[in-house]
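K.L.:
With the sequence up front, the predicted model follows.
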Amino acid sequence: MSVHSDSLSIRTRGKGTYEITSQVEAILRKSGIRTGQVTVFIQHTSASLIIYENADRSARVDLESYFDRLVPESADYFVHTAEGPDDMPSHIRMVLTRSSETVPVIEGGLALGTWQGIFVFEHRRAAHTRNLVVTVMGSA
Amino acid sequence: MSVHSDSLSIRTRGKGTYEITSQVEAILRKSGIRTGQVTVFIQHTSASLIIYENADRSARVDLESYFDRLVPESADYFVHTAEGPDDMPSHIRMVLTRSSETVPVIEGGLALGTWQGIFVFEHRRAAHTRNLVVTVMGSA
Amino acid sequence: MSVHSDSLSIRTRGKGTYEITSQVEAILRKSGIRTGQVTVFIQHTSASLIIYENADRSARVDLESYFDRLVPESADYFVHTAEGPDDMPSHIRMVLTRSSETVPVIEGGLALGTWQGIFVFEHRRAAHTRNLVVTVMGSA
């Protein structure tokens, strides 16, 4: 068994989902691992990771609409407001989704289901550079 | 250290939770791993995984009632509606729970707490076959 | 590659977040692993784990306020009520957060972002002892 660690940077342009499946696959291929797993980790507290339906863009529109209602920017009881109305909601949205996602590796490929993709879920309005660590563990 | 990968298929019969702890334990035993971890991954976007209270069935009834309220089928702003009223909610319920769960392995067994079990959380009304990948990593 | 397993006990004093980053770092240092990952697992169904903003305490106050509204103790449809009004909400809050968190290890340290910490999220009102398993995998 061996372990390979790599980094990935993604430029986001406001709230929404950004697919990173092909970038993660490229790191997996480079590792030479054939059986094991890949873990993606995001080093931020106002953006997160999800595995989500990647076929129909409307499912991603509804996801964003839902989260805007689930964690509204206007909550009158928030006290952590110094960094703008989208900051505190971004921390809660991060807690309700993931800081890391793990995908099994079979025969050298990501063993995702037919409709699954890996996404960065950006929770801030402004553009950001998001840093991720990709760790591949397994046997060649 | 070594890695073992196996698959598991579960037949669900509508919305709700389906315990898979014993099937995951069987794969762990077969692997011969004594120290390490097991990761279960579900290859779908309308069913998910949770670790949950497995002693009292009423806790699972309330979980289902809660999710039916948290992500209602009737949301009038959903545009991803072609596959039925339970489809878009199923994607959101999946995002709010997990695509993978990891459990440590100690002395050859799953190191779950007294009341913890591993469950497939089915979000569609119809019966489905759900495919999972179980990856065991560690030392014998 | 090698695997190291250790346990950790945390005493909580009611609902809220308890940072455990330094305890996890201590276990990582002891393991001698330089590249790989650490997975923390909590063996309970009424407390959970999150990776969260650790710089400004007000973000943790708002998180607790939000969860008290998201999963209210007074839901009239709950049937699992024998263990008190904070019990059933604690199971749901656990499902909406994590039973395990994984952090990459780079150059012998936790590769957390600048503002990230690892926290136990206690969902019960009473004080509890919470047991965790920390698994470190990787190469020296």
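P.N.:
Here it is on my side, so go on. Numbering: from 1, shown residues only, chains lettered A, B, ... in the order given.
K.L.:
From here on, just use CA atoms for contacts and neighbour counts.
P.N.:
Noted.
K.L.:
what pLDDT, on average, does stretch A:32-46 get?
P.N.:
On average, the pLDDT along stretch A:32-46 is 98.
K.L.:
Smallest distance to chain B belongs to which residue of chain A?
P.N.:
residue A:113 (4.2 Å; Cα to the nearest Cα).
K.L.:
Pull the contacting residues for that residue.
P.N.:
For residue A:113, the contact set (Cα atoms under 8 Å, 6 or more residues apart in numbering or on different chains) comprises B:42-44.
K.L.:
By proximity to chain C, which residue of chain A wins?
P.N.:
When Cα to the nearest Cα is the measure, chain A has its nearest residue to chain C at residue A:43, with 4.2 Å between them.
K.L.:
In contact with that residue: list those residues for me.
P.N.:
With Cα under 8 Å, 6+ apart, residue A:43 has these contacts: A:99, A:130-133, C:111-114, C:116.
K.L.:
what does residue A:125 give?
P.N.:
By Cα under 8 Å, 6+ apart, the contact set of residue A:125 is A:13-15, A:86.
K.L.:
just the helices in chain A please.
P.N.:
In chain A, the helices defined using DSSP state H lie at A:21-31, A:57-70, A:87-96.
K.L.:
Would you convert these into CSV that also reports distance to residue B:50 and mean neighbour count?
P.N.:
Supplementary listing: the helices of chain A in CSV, determined by distance: least, Cα to Cα, whole Å; neighbours: other Cα atoms under 10 Å in any protein chain shown:
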stretch, distance to residue B:50, mean neighbour count
helix A:21-31, 23, 16
helix A:57-70, 20, 17
helix A:87-96, 14, 24
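K.L.:
need the contact list for the closest residue in space to residue A:33 that isn't next to it in sequence.
P.N.:
Nearest-residue entry for residue A:33: residue A:140, 4.5 Å, with adjacent residues in sequence omitted and distances by Cα to Cα, 6 or more residues apart in numbering or on different chains. If a contact means Cα under 8 Å, 6+ apart, then residue A:140 has A:1-2, A:32-35 as its contacts.
K.L.:
again with residue A:71
P.N.:
Shown here is residue A:71, whose contacts under the criterion Cα under 8 Å, 6+ apart are A:89, A:92-93.
K.L.:
So what sits opposite the residue nearest in space to the middle of chain A in the bridge?
P.N.:
Centrality entry for chain A: nearest residue to the mean C-alpha point is residue A:49, 2.2 Å, by Cα atoms, centre = their mean. Under the criterion DSSP bridges, residue A:49 forms beta bridges with residue A:98, residue A:120.
K.L.:
what does chain A have sitting close to chain C?
P.N.:
Those residues of chain A that sit near chain C, judged by Cα under 8 Å from any Cα of the partner chain, are A:1-5, A:41-45, A:77-80, A:88, A:91-92, A:95-97, A:99-100, A:133, A:135, A:137.
K.L.:
what about residue A:81, how many neighbours?
P.N.:
Residue crowding around residue A:81 was assessed by other Cα atoms under 10 Å in any protein chain shown; the count is 15.
K.L.:
ok now do the closest residue to it other than its chain neighbours, which residues does it touch?
P.N.:
Across the structure, with Cα to Cα, 6+ apart as the measure, the residue nearest residue A:81 apart from its sequence neighbours is residue A:88 (6.6 Å). When contacts are counted by Cα under 8 Å, 6+ apart, residue A:88 is found next to A:73, A:78, A:80-81, C:59, C:62.
K.L.:
Can you name the two of those residues that sit furthest apart?
P.N.:
A:73 and C:59 (14.0 Å; Cα to Cα).
K.L.:
circling back to that earlier point, so the residue nearest to the centre of chain A is in contact with residue A:98, correct?
P.N.:
Yes. Judged on Cα atoms under 8 Å, residue A:49 makes contact with residue A:98 at a distance of 5.1 Å.
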